[in-house]
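**Student:** compute the structure for the input listed below.
(2 chains)
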Amino acid sequence: MAGIAAPSRLGLGEAKLNQVQQDPAWARRLLIFAALLSLGLLLVLPLATILVEALGKGWGTYWAAIGDPEALAAVRLTLLTALICVPLNLVFGVVAAWLLTRYKFRGRDLLLTLVDLPFSVSPVLSGLIYVLLFGLQGWWGAWLNDHNIRVIFAVPGIVLATIFVTFPFIARELIPVLESTGKDEEEAAKVLGASPLRTFFQVTLPNIKWGLLYGVILCNARAMGEFGAVSVVSGHIRGETNTLPLHVEILYNEYQFAASFAAASLLALLALVTLLAKNIVEQRAGRERGSAQ
Amino acid sequence: MSIEVKGITKRFGAFTAVEGINLDMPSGDLVALLGPSGSGKSTLLRIIAGLETPDEGEVHLTGREATGLSARERNVGFVFQHYALFKHMTVARNIGFGLEVRKVPQAQIDRKVSELLGLIQLQGLGGRYPSQLSGGQRQRVAVARALAPEPQVLLLDEPFGALDAKVRAELRAWVRRLHDATGMTTLFVTHDQDEAMEVAHRVVIMDHGRIVQEGSPRAIFDKPATQFVADFVGESNRIEAEATEDGLVVWGPLRFAAAGVKKGQLARIYFRPHNVYVTGQLESLQVPAKIVGERFKGAFTELEMDLGAGRRLMAHLPRGLSEASGFKVGDSVWAGVTGYHVF
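**Tutor:** So this is what the prediction gives:
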């Protein structure tokens, strides 16, 4: 009988605990309602507007806007930029996070601040820096012009500006993960005779893979969606230096609302896919942590 | 298979972790590095393994200079306090990792792994992940992993620190047996004196980055070289008193011969509670005392005695003796000190 009595006592205790800890029901409902309302007004409504506006003139216009050569060129350039930036930042980010968490050296704090710099600088300013460096009137502009190398108002400039803006994502995601895993396992591998590369791929990487993937997803989303910095260096040459976000703006300024929103819907889709991927990664990482304990 | 450390010094910024350490371990030795936290014992162990670079001095392994070699090239077995098992590898792969790295054929690795699983009494658990093992099992896997590449020496950093008391006692006995079976030169770090005394042939005591005494567990316990060692190892009665004349210290009714202490000088006298001799009747060189406290400690009984004027003494009586004598709080007894150290 004791076996039956015990769980019910436990249940009673929990109910009491809940009553003490929780706010009254009306307050809870009010808070939830306020949260949902602001979420709806600020996030869901704009997203819905994009779809409504994009399809406002029917599916035909929608497909025409997306199939437009200039739109396709913008999509291609956006994908190319992400394809270059994400792998490079993957390498930079891992190296920076590794240095910052595994070694104590002079200038460590400075490096940590530099990693965060792109977050604290306005993207427009980031773009401007590149114009001042590589533009015709810039420091290296004359030399580049003499050698027929175009950086500003060309793809290299867009790539450089995007790399700069998206640099912190992967490093910032990895630093806490690397700090919490510690270096015991790496030292164990070293003493057992493993090379640094083998140690990284077989010991460190499995421990940080979810954090790394999460960083890559965020980095990719920003690389594809970056507007400010890219806008300054791009020159808005249609079919050549227009990325998807810039294409949306141009169409909008020309009052081609349906086409503009159609292009924007692609970016919205990217956002949704990113959110989904992020959730899957978080769930997987959580499950692995759970099983490791 | 020997370890020789010559004049090792290591500083971290302004902090000197170890200073001028010399240590000589012949092949087959089993040594405990004992000291409080921050005494530099772990740093010394990590320098021997090649995980830290010394600022000065040399490390020789098996008679060869190893100071310039990286941890990869030294072929030492290292066991970490928190196991440091590879979480994403099975137990078998963990154990075989050192061989996999050396490009040993898989069949040979499998043979070695199953042999080691037998040695650590975890046959059949090779397919598990570290998270599915208990703390004691994990630490045994860590030892097996360190032993797999047949290292020259085995180094253990607080190997039992994270385990509960019973598992710790089992593992101590196991490490001792393992050493008897393999004869591998073994150096382990601990802050637990019982562990050091029980497992090691030789105990090296460190304090503030220096070696303060080394010797057999018995020598360390019976003849502490400094006040620090007497304080750190085992329990002691500590008293402070002035010499009333050259070579004689008087503390209440007790008189201690203290060679070299001048009249008026302050002397510290240490003696073990088991060196306090308590009887019901006066037998020899004893003074009257009153029992004011009694604590049951399992194998022995601890008596707290008052010699008058607030002077307190601790005595440990073996169980048989304490039961036969029937001392209880309030009894008047006679107490004497059979062995002591003057610092």
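**Student:** what about the strands in the stretch 151-300 of chain B?
**Tutor:** B:153-157, B:185-190, B:202-207, B:210-215, B:237-245, B:248-251, B:254-257, B:266-271, B:276-279, B:287-296, B:300-306 (DSSP state E, counting those that start in this stretch).
**Student:** possible to save those strands as a markdown table with mean neighbour count and mean pLDDT?
**Tutor:** Any C-beta I mention is one placed from the backbone N, CA and C, and that applies to glycine too. What follows is these, written out as a markdown table (neighbours: other C-beta atoms under 10 Å in any protein chain shown; pLDDT from 0 to 100):
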| stretch | mean neighbour count | mean pLDDT |
| --- | --- | --- |
| strand B:153-157 | 24 | 94 |
| strand B:185-190 | 26 | 93 |
| strand B:202-207 | 23 | 94 |
| strand B:210-215 | 19 | 93 |
| strand B:237-245 | 15 | 86 |
| strand B:248-251 | 18 | 85 |
| strand B:254-257 | 16 | 85 |
| strand B:266-271 | 18 | 88 |
| strand B:276-279 | 19 | 88 |
| strand B:287-296 | 15 | 89 |
| strand B:300-306 | 19 | 90 |
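**Student:** just want the most central residue of the chain.
**Tutor:** Assuming you mean chain A. residue A:218 (2.0 Å; C-alpha atoms, centre = their mean).
**Student:** meant chain B, my bad for not saying
**Tutor:** residue B:196 (2.5 Å).
**Student:** dump the residue contacts of it.
**Tutor:** By C-beta atoms under 8 Å, 6 or more residues apart in numbering or on different chains, residue B:196 lies in contact with B:32, B:34, B:190, B:203, B:217.
**Student:** same question, residue B:206
**Tutor:** Contacts of residue B:206 (C-beta under 8 Å, 6+ apart): B:18, B:33, B:34, B:35, B:39, B:40, B:41, B:44, B:212.
**Student:** among those residues, which lie within helices?
**Tutor:** Of the contacts of residue B:206, the ones assigned to helices by DSSP state H are B:41, B:44.
**Student:** returning to what we had before: separation between the residue nearest to the centre of chain A and residue B:151?
**Tutor:** To residue B:151, residue A:218 is 43 Å away according to C-beta to C-beta, to the nearest Å.
**Student:** check residue A:66 too.
**Tutor:** Taking C-beta to C-beta, one finds residue A:66 at 64 Å from residue B:151.
**Student:** that older thread, which among the contacts of residue B:196 gets closest to residue A:164?
**Tutor:** Checking the contacts of residue B:196 against residue A:164 by C-beta to C-beta gives residue B:190 as the nearest, at 51.4 Å.
**Student:** need the next SSE after the lowest-mean-pLDDT helix or strand in chain B, C-terminal direction.
**Tutor:** Scoring the helices and strands of chain B by mean pLDDT, DSSP states H and E places helix B:319-325 at the bottom, with a mean of 81. Sequence order places strand B:332-337 as the next helix or strand after helix B:319-325, per DSSP states H and E.
**Student:** relative to strand B:300-306, how tilted is that next one?
**Tutor:** Put simply, strand B:332-337 runs at 100 degrees to strand B:300-306, going by axes from the mean of the first three to the mean of the last three C-alpha atoms, to 10 degrees.
**Student:** helix, strand or coil for residue B:6?
**Tutor:** Residue B:6 carries the three-state label strand when classified by DSSP: H, G, I helix; E, B strand; the rest coil.
**Student:** and it, what pLDDT?
**Tutor:** Each residue has a pLDDT score; the one for residue B:6 is 92.
**Student:** nearest to residue B:71, out of the strands of the stretch 151-300 of chain B?
**Tutor:** Across these, residue B:71 has its closest neighbour in strand B:153-157 (10.7 Å, C-beta to C-beta).
**Student:** so does the closest one get close to chain A?
**Tutor:** No - interface with chain A: strand B:153-157 contributes nothing (C-beta under 8 Å from any C-beta of the partner chain), its closest point being 8.6 Å away.
**Student:** given that strand, what are its sheet partners and their directions?
**Tutor:** On the basis of DSSP bridges, the sheet neighbours of strand B:153-157 come out as strand B:76-79 (parallel), strand B:185-190 (parallel).
**Student:** before we move on, the earlier item: quick check: the farthest pair among the contacts of residue B:206?
**Tutor:** B:18 and B:34 (14.5 Å).
**Student:** so for those two, which sits in the more crowded spot?
**Tutor:** More crowded of residue B:18 and residue B:34, by other C-beta atoms under 10 Å in any protein chain shown: residue B:34, with 29 against 26.
**Student:** by residue count, tell me the biggest helix in chain B.
**Tutor:** helix B:165-182.
**Student:** and the angle for it with strand B:153-157?
**Tutor:** 170 degrees.
**Student:** isn't residue A:84 up against residue A:161?
**Tutor:** No - contact between residue A:84 and residue A:161 fails when scored by C-beta atoms under 8 Å: they sit 11.9 Å apart.
**Student:** wait, doesn't residue A:81 sit right on residue A:160?
**Tutor:** No - Residue A:81 is beyond contact range of residue A:160, at 10.1 Å (criterion: C-beta under 8 Å).
**Student:** burial count for the spatially closest residue to residue A:207 that is not a sequence neighbour?
**Tutor:** Counting by C-beta to C-beta, 6 or more residues apart in numbering or on different chains, residue A:207 lies nearest to residue A:181, which is 4.7 Å off, once chain neighbours are set aside. Applying other C-beta under 10 Å, we find 17 residues neighbouring residue A:181.
**Student:** can you check residue A:163 too?
**Tutor:** The burial count for residue A:163: 20, using other C-beta under 10 Å.
**Student:** run the chain-centre distance for whichever strand or helix holds it.
**Tutor:** Per DSSP H and E: residue A:163 is located in helix A:155-181. Using C-alpha atoms, centre = their mean, to the nearest Å, the mean C-alpha position of helix A:155-181 is found 9 Å from that of the whole chain.
**Student:** report all helices and strands that that helix contacts.
**Tutor:** Applying 3 or more C-beta pairs under 8 Å, 6 or more residues apart in numbering or on different chains; DSSP states H and E, one finds that helix A:155-181 contacts helix A:69-102, helix A:108-120, helix A:123-134, helix A:205-225, helix A:228-234.
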